[in-house]
Structure formats: C-alpha cells, structure tokens
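Undergrad: this one's structure only:
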C-alpha cells in the first residue's frame with residue numbers, strides 16, 4: 001500500500017458530485033496505459049472521498065447514484081481510467097525537477113556535439129534548456145518529452161544522436177565476473193577464446209563510455225583492453 005505522503009489525488013466529477021481516490025502517481029500512469037497492476041499496490045487508501053484533502057468520505061448514496069454500485073474496486077477502476085490527476089504544488093515541483101534531471105542526463109549521455117563528437121556536459125544542457133525556455137510537463141513521462149525538447153535545443157547547441165561501439169577483451173582470470181558487468185551495458189557480440197578470455201562488443205551512449213571504462217578497470221585492476229570500433233569490427 002502506498003504512503004499518503006507520496007500519493008496524489010485522482011478526481012472524477014459525476015452527477016454534480018466529486019469522487020476522489022489517493023494513488024501512487026507513477027503506478028496510476030502505468031495502470032492507465034493498460035499495465036496490469038493490483039489496486040492494493042497503487043492505492044494509498046481504500047475509500048472514495050468527496051474531498052480527500054479534508055478526509056471527507058463520499059456517501060454510499062452518492063456512489064450508488066453515480067456508479068450504480070457501492071463496490072469499491074469497480075468505482076476505483078473507473079476513477080483511475082476517467083479521472084483527472086491532481087498534484088499539490090510541492091508534488092508538481094518535485095515531479096518537474098525529477099523529469100528535468102532525467103531529461104538532462106539522457107541528452108548528455110545520448111547526444112553529442114557533431115563538430116567534436118563529444119557529449120555535452122549536463123550543465124551545458126541545463127543552460128540551453130533555460131535559454132530555450134523549455135517547460136517540463138509533470139504529467140508526462142520524461143521519455144515522451146525528449147524529442148520536442150531536443151528540437152528546441154538544436155538552435156542553441158548542436159545535437160546529434162549517437163551510439164559508440166566498444167570492443168572489450170578481458171583475460172580469463174577476470175572474464176567470468178566481467179561478463180556480468182558487460183552484459184548490463186548490452187552485449188551485441190561475444191566470443192570466448194580458447195585461453196578462456198572474453199572478447200565482446202557493446203553499443204552504448206557516448207556519455208556512458210567513462211562509466212564502462214571505470215567499472216571494468218576497477219573490476220579487473222586495469223587488466224582489460226578496450227577500443228572504440230568502426231562498424232563491423234569485433235576487437
């Protein structure tokens with residue numbers, strides 16, 4: 001069950017009455033997209049409210065007239081699908097800040113300056129978003145807003161979507177543990193050599209190169225070979 005401190009209100013107005021339930025905003029959004037989620041996992045209270053902020057519970061008579069039933073699950077599902085999500089000022093601010101950070105991180109990691117081939121630092125992306133007067137919609141996912149934001153940023157900073165192919169060779173004594181790490185970054189090709197060493201290729205965002213190299217060097221104590229590949233190479 002969701003904590004009320006982290007819940008938001010979904011409100012449905014029907015027959016001149018207001019019906020509200022408290023839900024987890026992320027799970028409610030996924031539920032509305034068709035994902036199978038138990039009501040007990042996304043609800044913060046098992047009541048239908050007339051005014052959730054005041055704690056005023058709706059009457060059974062009002063529920064019966066509006067929904068034709070007093071069955072909580074049936075009513076909650078209709079409110080979830082048809083109702084409007086309402087955030088407090090603080091919830092809206094937190095949601096916007098969280099999505100802004102995700103968008104900045106994504107652009108910094110996945111887009112490069114085509115003039116240099118280098119990623120834009122997060123601070124540069126942030127400043128460009130301010131200059132472009134980008135507005136973050138707290139009700140939409142960060143992913144769904146990226147394309148429009150990139151279009152607004154391109155007149156300010158050059159952006160090109162790019163992935164980097166990295167060839168990796170790990171000696172036998174580290175290959176087993178390194179394989180699990182490399183797999184996290186998405187292995188495109190792999191080959192186990194006769195001596196037990198591992199050769200692999202990953203395709204990653206430019207901004208993740210240093211993360212991959214740092215983790216590999218730490219795991220293998222520097223006993224690893226990496227190389228940026230042209231299309232078609234394996235190592």
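TA: Great, that's in hand. As the structure is a prediction and not an experimental result, all values here were calculated from the model. Numbering: from 1, shown residues only.

Undergrad: from residue 180, how far off is the closest residue to residue 100 other than its chain neighbours?
TA: Of all residues beyond its chain neighbours, the one nearest residue 100 is residue 136 (5.1 Å), with distances taken as Cβ to Cβ, 6 or more residues apart in numbering. Backbone N, C-alpha and C define where each C-beta goes, glycine included. Noted for residue 136: a distance of 35 Å to residue 180, by Cβ to Cβ, to the nearest Å.

Undergrad: residue 229 too?
TA: The gap separating residue 229 from residue 180 is 22 Å, by Cβ to Cβ.

Undergrad: so for the two, which residue has more residues nearby?
TA: Applying other Cβ atoms under 10 Å to residue 229 and residue 180 shows that residue 229 carries more neighbours, namely 17 against 9.

Undergrad: tell me the contacts of that one?
TA: Counting by Cβ atoms under 8 Å, 6 or more residues apart in numbering, residue 229 makes contact with 165-167, 201, 235.

Undergrad: surely residue 99 and residue 143 touch.
TA: No - using Cβ atoms under 8 Å, residue 99 is not in contact with residue 143; the gap is 9.5 Å.

Undergrad: between these two, which contacts overlap?
TA: Between them, residue 99 and residue 143 share no contacting residue, judged by Cβ under 8 Å, 6+ apart.

Undergrad: quick check: buried residues in stretch 89-105?
TA: 91, 95-96, 99-100, 102-104 (16 or more other Cβ atoms under 10 Å).

Undergrad: revised request: answer the last question for stretch 16-26.
TA: For stretch 16-26, burial by neighbour count (16+ other Cβ under 10 Å) applies to 18-25.

Undergrad: what sits against residue 60?
TA: With contacts defined as Cβ under 8 Å, 6+ apart, residue 60 is in contact with residue 70.

Undergrad: could you check how far it is from residue 210?
TA: Distance of residue 60 to residue 210, given as Cβ to Cβ: 60 Å.

Undergrad: among the contacts of residue 229, which are in helices?
TA: Within the contacts of residue 229, no residue falls in helices by DSSP state H.

Undergrad: scan those residues and report the most crowded one.
TA: Busiest of those [other Cβ under 10 Å] is residue 166, holding 23 neighbours.

Undergrad: farthest pair in the buried residues of stretch 16-26?
TA: For those, the farthest-apart pair by Cβ to Cβ is 18 and 24; their separation is 20.8 Å.

Undergrad: quick one: pLDDT of residue 143?
TA: pLDDT, residue 143: 80.

Undergrad: just the one 4 residues further on next, same as before
TA: In this model, residue 147 is scored at 88, pLDDT.

Undergrad: would you list the phi and psi of it?
TA: When read as degrees, to the nearest 10, the backbone of residue 147 gives phi -60, psi -50.
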